[in-house]
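Participant: pasted the sequence and its predicted model underneath.
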Amino acid sequence: MKTKLRVITIVIIFLLLFIFFNRLLQPKYMDTLVEGSMISQYYHEPKDHEVVFIGDCEVYANFSPMVMYEKEGIKAYVRGSSQQLIWQSYQILKETLHYEIPKIVVFNVNSMRYDKNSKEVSEAYNRLTIDNMKWSQEKIDIIQDSMTEDETFLSYVFPILRYHSRYDELTAEDFEYLWKRKDNTYNGFLINKNIKGVTSLPIQRRLAEYQFSEECYQYLDKITNLCRENNIQLVLIKAPSLYPYWYDEYDEQIRNYANEHDVDYYNLKNYVDEIGIDYSVDTYDGGLHLNLTGATKLSEFFANLLKKNYDLTDYKGDEIYEEKLKEYKETIQ
Amino acid sequence: MNKKVIIVVGILVVIIIGIVVYLFMQSSEDQTTAEPQNIVSNEAQEEKFSVSYQNVDITPGQPFDADAIAEEAEYSQIPSCAFEGTDNVSTYAHVEVTSAQINGKETVYSVYFLDDEVSTPEGVKITDDRAKVIETYGDNYEEAGNKITYTRGDVQLSFMIENDVVTSIEYVYASEL
């Protein structure tokens, strides 16, 4: 009996220490690099969204679900993350469908330009999307699809293998959020009130290749099929960012794809005047992402577009959303 | 000590040793992969591309002194989506220079020719034909789509060639940032 107790005690102490250091050394993404916390915030949200956005920073910076609710009573959620690549968007969508089946999935097509050999594919961005995903088949697949040459699967299972050298970079944030989390977004929308208008942009360079890769098309097909199988309306969009340039050749390919697969595509840059975006004040980084005022204008416009063209419920008056909206308004004051 | 306790402690020790060995091997790999890069870079330094604008050196990988160029540039910043650090883009009449902070110094990352008013030090400019490029730089290049790329040291020189005509020229710092 005594022996058993000793064994159990040793095992428990070892496990507790391992879990503690594993957790302690992993970045928390709560006060710094908050983009890494967005994917996990979804898990404790009510799962009754009729519209779900997937994609990169062009969704989480530009679309405010709270504005869409206020304007048209739409319940929406943005499952975006920094540099979310299309193979990641597919897995994020698959994971989302375990929790809920929305009426509409909105996919921002910016990531079609990057294949797995692109220099934009990096571990740092992979971590922001994957680190805080709940364990599921989708997490296993997203790791395998995303890992760069220098990464190992095991380092996603045991973050201590990747972050062991962070011991001298630990800050108060690491201890404060050791076991708890806080929400950094409103339904996936990351508020940025700063203003940095467009003064000049780099020259639009000629590219060696404008054709999207076969690999990206395969994932776009997978997204399209997944939506179709679940009776979801897929809506492709290109957010109205001025940079990186969305070439006409890119636009044409998506337009053709949308026609061939009977899905809708909106290049929102073509609606800038209607939306009322003023790039001298409505962006926080010189035209890459919209700030709060720009995102508000875009979200009002897009909510109206969705309401007019698709069968969506008007949830105005919903208790939880009214509370959220009140909190959102206080935050943006 | 009881046999069972010894076994459990043994297993835990093996796991800990395994993790330590794994971490040690990881850091060793980092060191071994870092060394050849330095050697390659040093060896190739002599035959590196160089480029200047208005008699100011703007070779990728070298410090960028915008004040040394008399002409005023249009200036824009390209931030990263989530991480700190930005690319600084200076657009002059005939070239666009992208620079960034590398090891604490503003360093040229790329130089993009905007028209045929400037040429490479070896004499190739936009509107020249493919034959002139090959004649000047040789046939040791990589080709992807309509772009051919020469690498010397840590600088790549790329020519976009459409319908046999050079339509763009760009120098890029090829080292990891």
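Facilitator: That came through fine. Numbers count the residues shown, from 1 in each chain, chains lettered A, B, ... in the order given.

Participant: from residue A:281, how far off is residue A:217?
Facilitator: 38 Å (CB to CB, to the nearest Å). The C-beta positions use only the backbone N, C-alpha and C, and glycine is treated the same way.

Participant: count of residues packed around residue 126?
Facilitator: Reading this off chain A. 24 (other CB atoms under 10 Å in any protein chain shown).

Participant: actually, chain B is the one I wanted.
Facilitator: 19.

Participant: my guess is it contacts residue B:112. True?
Facilitator: No: contact criterion CB atoms under 8 Å: residue B:126 and residue B:112 do not qualify, at 10.6 Å.

Participant: which residues are common contacts for those two?
Facilitator: Taking CB atoms under 8 Å, 6 or more residues apart in numbering or on different chains as the contact rule, residue B:126 and residue B:112 both touch B:168, B:169.

Participant: check what pLDDT residue 155 gets.
Facilitator: Because you didn't say which chain, this covers chain A. Residue A:155 is assigned 94 on the pLDDT scale.

Participant: you answered for a different chain; I wanted chain B.
Facilitator: At residue B:155, pLDDT is 94.

Participant: how near is the residue lying closest to it once chain neighbours are set aside to residue A:207?
Facilitator: Once flanking residues are discounted, residue B:155 sits nearest to residue B:49: 4.4 Å by CB to CB, 6 or more residues apart in numbering or on different chains. Going from residue B:49 to residue A:207 by CB to CB gives 21 Å.

Participant: name the residue in these two with the higher neighbour count.
Facilitator: Between residue B:49 and residue A:207, counting by other CB under 10 Å, residue B:49 is the more crowded of the two (22 against 17).

Participant: helix, strand, or coil at the more buried one?
Facilitator: coil (DSSP: H, G, I helix; E, B strand; the rest coil).

Participant: that one contacts residue B:158, doesn't it?
Facilitator: No: applying CB under 8 Å as the test, residue B:49 and residue B:158 come out as separate, 10.8 Å apart.

Participant: what residues are shared contacts of those two?
Facilitator: B:150, B:171.

Participant: now residue A:238. Its backbone dihedrals?
Facilitator: For residue A:238, the backbone dihedrals (degrees, to the nearest 10) come out as phi -120, psi 120.

Participant: ok, residue A:99 to residue A:79 distance?
Facilitator: Residue A:99 is 10 Å from residue A:79, by CB to CB.

Participant: between those two, which has more neighbouring residues?
Facilitator: When residue A:99 and residue A:79 are compared on other CB under 10 Å, the one with more neighbours turns out to be residue A:79, at 25 against 13.

Participant: which ones are touching the more buried one?
Facilitator: A:38, A:39, A:42, A:52, A:53, A:54, A:92, A:93, A:96, A:188.

Participant: same thing but 7 Å
Facilitator: A:39, A:42, A:52, A:53, A:54, A:92, A:96, A:188 (CB atoms under 7 Å, 6 or more residues apart in numbering or on different chains).

Participant: could you say which helix or strand holds it?
Facilitator: Assigned by DSSP states H and E, residue A:79 belongs to strand A:76-80.

Participant: partner strands of that strand, with direction?
Facilitator: strand A:51-55 (parallel) (DSSP bridges).

Participant: any idea of the mean pLDDT for the partner strand?
Facilitator: 98.

Participant: need phi/psi at the residue of chain A found nearest chain B.
Facilitator: Relative to chain B, the nearest point of chain A is residue A:208 (3.4 Å; CB to the nearest CB). The phi/psi pair for residue A:208 (degrees, to the nearest 10) reads phi -70, psi -30.

Participant: pull up the gap between it and residue A:86, please.
Facilitator: The value you get for residue A:208 to residue A:86, if CB to CB is used, is 21 Å.

Participant: where does the chain dip in pLDDT?
Facilitator: By default, I'm working from chain A. Residue ranges of chain A with pLDDT under 70: A:1.

Participant: let's do chain B instead
Facilitator: In chain B, residues with pLDDT under 70: B:1-5, B:19-46, B:80-84, B:176-177.

Participant: show me where it has its strands.
Facilitator: B:52-53, B:56-57, B:74-79, B:86-91, B:95-102, B:105-113, B:142-144, B:147-152, B:155-162, B:165-173 (DSSP state E).

Participant: keeping just the C-alphas, turn stretch B:56-64 into CSV.
Facilitator: C-alpha atoms of stretch B:56-64 as CSV (Å, rounded to 0.1, in the frame of the first residue of the first chain):
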residue,chain,number,x,y,z
VAL,B,56,25.2,56.0,-53.5
ASP,B,57,25.6,52.3,-52.8
ILE,B,58,22.2,50.6,-52.4
THR,B,59,23.3,47.0,-52.6
PRO,B,60,20.9,44.7,-50.8
GLY,B,61,22.4,43.6,-47.4
GLN,B,62,24.3,46.9,-47.0
PRO,B,63,23.2,49.7,-44.7
PHE,B,64,20.8,52.2,-46.3
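
Participant: now check that stretch, is it near chain A?
Facilitator: No: figure legend: stretch B:56-64 not in contact with chain A (CB under 7 Å from any CB of the partner chain); closest approach 14.8 Å.

Participant: what are the buried residues along that stretch?
Facilitator: B:58, B:59, B:60, B:61, B:62, B:64 (16 or more other CB atoms under 10 Å in any protein chain shown).

Participant: what residues does it touch?
Facilitator: B:49-52, B:65, B:68-69, B:97, B:99, B:105-111, B:154-155, B:171-173, B:175.

Participant: nearest residue to the middle of chain A?
Facilitator: In chain A, the residue lying closest to the centroid (CA atoms, centre = their mean) is residue A:80, at 0.9 Å.

Participant: now do the contacts for that residue.
Facilitator: Neighbouring residues of residue A:80 by CB under 7 Å, 6+ apart: A:38, A:53, A:54, A:55, A:56, A:57, A:59, A:60, A:188.

Participant: make JSON lines from those residues and add neighbour count to it.
Facilitator: Supplementary listing: the contacts of residue A:80 in JSON lines, determined by neighbours: other CB atoms under 10 Å in any protein chain shown:
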{"residue": "A:38", "neighbour count": "25"}
{"residue": "A:53", "neighbour count": "30"}
{"residue": "A:54", "neighbour count": "26"}
{"residue": "A:55", "neighbour count": "29"}
{"residue": "A:56", "neighbour count": "26"}
{"residue": "A:57", "neighbour count": "24"}
{"residue": "A:59", "neighbour count": "25"}
{"residue": "A:60", "neighbour count": "26"}
{"residue": "A:188", "neighbour count": "26"}
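
Participant: now distance to residue A:145 too, for those, in JSON lines please.
Facilitator: Shown next, in JSON lines, are the contacts of residue A:80 (distance: CB to CB, whole Å):
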{"residue": "A:38", "distance to residue A:145": "19"}
{"residue": "A:53", "distance to residue A:145": "20"}
{"residue": "A:54", "distance to residue A:145": "15"}
{"residue": "A:55", "distance to residue A:145": "16"}
{"residue": "A:56", "distance to residue A:145": "16"}
{"residue": "A:57", "distance to residue A:145": "20"}
{"residue": "A:59", "distance to residue A:145": "20"}
{"residue": "A:60", "distance to residue A:145": "21"}
{"residue": "A:188", "distance to residue A:145": "22"}
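
Participant: quick one: which of those is nearest residue B:134?
Facilitator: Closest approach to residue B:134 among the contacts of residue A:80 (CB to CB): residue A:56, at 39.3 Å.

Participant: list the contacts for that closest one?
Facilitator: A:80, A:82, A:83, A:84, A:108, A:110, A:111.

Participant: taking these one by one, which sit in strands?
Facilitator: A:80, A:108.

Participant: between the two ends of stretch A:203-217, how far is it?
Facilitator: Chord length of stretch A:203-217, first to last residue, is 28 Å (CA to CA, to the nearest Å).

Participant: please enumerate residues in contact with that stretch?
Facilitator: Residues contacting stretch A:203-217 (CB under 7 Å, 6+ apart): A:86, A:112-113, A:115-116, A:245, A:247, A:249-250, A:253, B:91, B:96, B:112, B:114, B:144-147, B:160, B:167-168.
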